[in-house]
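>>> have a look at this prediction, sequence included:
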Amino acid sequence: MVLSSCSSNHTPDPAPDPDAGTNQFAAMDRILLRGAVVTPELSFEGEVLVEQNLITCVEAGTACESKPGATGATMIATNGIIAPGLIDTHNHILFDIFDDDDWLPAQLYQDHDQWPTEPRYKAMLDVKQCLVNDSQGKPAWCAQTPYGTPAGSLRCEVDKWGELKGLIAGTTSIVGLPGTTAACFASITRSLDAAQNGLGQDKLQTSALYPPSSPSTVCQNFTSGKTDAYVIHAGEGTDTKALAEFASLGMITTPNGCLYAPPTAITHGTAFTATEFTKMAQAGMKLVWSPHSNVSLYGQTADIPAALTAGVTVALGPDWSMGGSQNMLDELRFADTWDNAHWSDRLSAKDLVVMATLHGAQAVALDAKLGKLEVGHIADIAVFAGDPTKPYEAIVAARPKDVRLVIVNGVVLYGDVDLEPAAPPIPGCETIDICGVSKFLCVATAATTDKLDETYADIQTKLGQALTDADAATPTDGWNFAPLAPIVKCE
Ligand SMILES: [Zn+2]
């Protein structure tokens, strides 16, 4: 790929966007990307122009070069595929410090209330509670660690680890279900369900549990406009109990049935049949699909062909790394493999890419701003290596080492080292090895508040030490949760 300066017509600076995020990085004024463009509905050889945090041109050929805003832009010939950044609509981001080495389901289960009783799962949950100081409280042994005091917490570092695991896989937005958010959240990948999401508002409500708390309030929030999307776990499992959650969802509110509405996106729906999916489609509800985690826990996943036949919009998310996928690229590949083995290749590569981008944005009611390469949309962009004549297949096949560039809110944060000149110069980025490919990664910002000046190395060191401390404080359980789950797993 080639990095150069684009000289063209004179142009005035664009007006600052009032919706600009809280991202503390100074953005390059303008970036012009050239390559195979995936919008995602269309694909063509062309260009995408980014001015500040917005996409201002998406055209075939070289038409964007003659736009006034292209003057002085940093020109990047990607020789790759330019796509919307992936949108992860289901993650438990504070668990991303763990992976399969820490806990895997000991057996297959029938619903979501069964596996949380496993002792090793509970021990892992305690370690998480110690590090992040969740509302559930810290375990007693935590007092022996530096995080045992009420204020002691690595919540910022743990959240950032999850944002980083997403970023290096081309993910620009994550519904991370972090519970209480903090000012340090969403400084890397856009944590959508946080006030710091860079969108100027957070109108996303979530529930990681079924039944949810205060469901009637959610309906009131739909009416008042406070909530645009409600992403709720339901139907997770294969038994009648999990199936019954769909009918129950219609009876737990006043008035009944008010959650059967377009803002509601159901996470899992593993137990649902064509009957439930038909009702969902009729109500305009969405589905968030997490096949890898489903198969690890229950041996099955949601009947996506039935959901699509019914007309349900389906988005994708890895859920978490223990038995789930490490990131969205892993989840795309898992979904493709499952589809080929069980559904006779019902899903095309394009279907899968649309699930991971546009349909993700629709599931969280942010498709007017995210999930698409379109003029006026926010510049959340991922560039992948691969055959530009088969761009959708290339994205589904991509690994983090194949991610050439990631732009969040108009700011270049990750990519191949030769593209680092497009990244924020201050305070500078770090170089990391991703499965044999040298990449730059921009984590620390110039701001010294809210731990925003922490580097990738700082975060990695602190989390690694914290897990070692936790193991030392719990010697009798026989389980170790150090070392820290790596940012990427190479094959
Ligand atoms: Zn979940």
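Okay, I see it. Every value quoted in this text rests on a predicted model; they were computed, and no experiment measured them.
>>> for the top helix by length along the chain, C-alpha coordinates in CSV please.
Criterion DSSP state H: the longest helix present in the chain is helix 456-473. Extracted as CSV, the C-alpha positions of helix 456-473 are listed here (Å, rounded to 0.1, in the frame of the first residue of the first chain):
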residue,chain,number,x,y,z
TYR,A,456,-0.8,-0.9,25.6
ALA,A,457,2.3,-2.1,27.5
ASP,A,458,1.0,-0.4,30.7
ILE,A,459,-2.4,-2.1,30.5
GLN,A,460,-0.9,-5.5,29.6
THR,A,461,1.5,-5.4,32.5
LYS,A,462,-1.0,-4.3,35.1
LEU,A,463,-3.6,-6.9,34.1
GLY,A,464,-1.0,-9.7,34.0
GLN,A,465,0.2,-8.7,37.5
ALA,A,466,-3.4,-8.5,38.8
LEU,A,467,-4.2,-12.0,37.7
THR,A,468,-1.0,-13.3,39.3
ASP,A,469,-1.9,-11.6,42.5
ALA,A,470,-5.4,-13.1,42.4
ASP,A,471,-4.0,-16.6,41.9
ALA,A,472,-1.6,-16.0,44.9
ALA,A,473,-4.6,-14.9,47.0
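>>> chain center to it, what's the gap?
Here helix 456-473 is found 24 Å from its chain centre; the criterion is CA atoms, centre = their mean, to the nearest Å.
>>> ok, now stretch 401-421?
Relative to its parent chain, stretch 401-421 has a centroid offset of 17 Å by CA atoms, centre = their mean.
>>> next one: stretch 66-84
Centroid separation for stretch 66-84 versus its chain: 25 Å, with CA atoms, centre = their mean.
>>> neighbours of residue 213, how many?
For residue 213, the tally of surrounding residues (other CB atoms under 10 Å) stands at 8. Just so you know, the C-beta spots here come from the backbone N, C-alpha and C atoms, and that holds for glycine as well.
>>> ok, residue 345 next?
Neighbours of residue 345 (other CB under 10 Å): 11.
>>> may I have the phi/psi pair for it?
Here is the backbone geometry of residue 345 (degrees, to the nearest 10): phi 60, psi 50.
>>> quick one: it from residue 403, how far?
In this view, residue 345 and residue 403 are 25 Å apart by CB to CB, to the nearest Å.
>>> equivalent analysis for residue 385, please.
8 Å.
>>> how about residue 208?
In terms of CB to CB, residue 208 sits 28 Å off from residue 403.
>>> the more surrounded of the two?
Remark: of residue 208 and residue 403, residue 403 carries more neighbours, 28 against 14, as counted by other CB under 10 Å.
>>> now that one: how far from residue 426?
24 Å.
>>> just give me how far stretch 435-448 sits from the chain centre.
Taking the mean of its C-alpha atoms, stretch 435-448 sits 18 Å from the chain's own mean (CA atoms, centre = their mean).
>>> in that stretch, which residues are buried?
Neighbour-count burial for stretch 435-448, counted by 16 or more other CB atoms under 10 Å, picks out 437, 439, 440, 441, 442, 443, 444, 445, 447.
>>> one more: stretch 329-340?
Neighbour-count burial for stretch 329-340, with 16+ other CB under 10 Å as criterion, is recorded at 329, 330, 331, 332, 333, 334, 335, 336, 338, 339.
>>> pretty sure residue 243 is touching residue 236, no?
No: counting by CB atoms under 8 Å, residue 243 stays clear of residue 236, with 10.6 Å between them.
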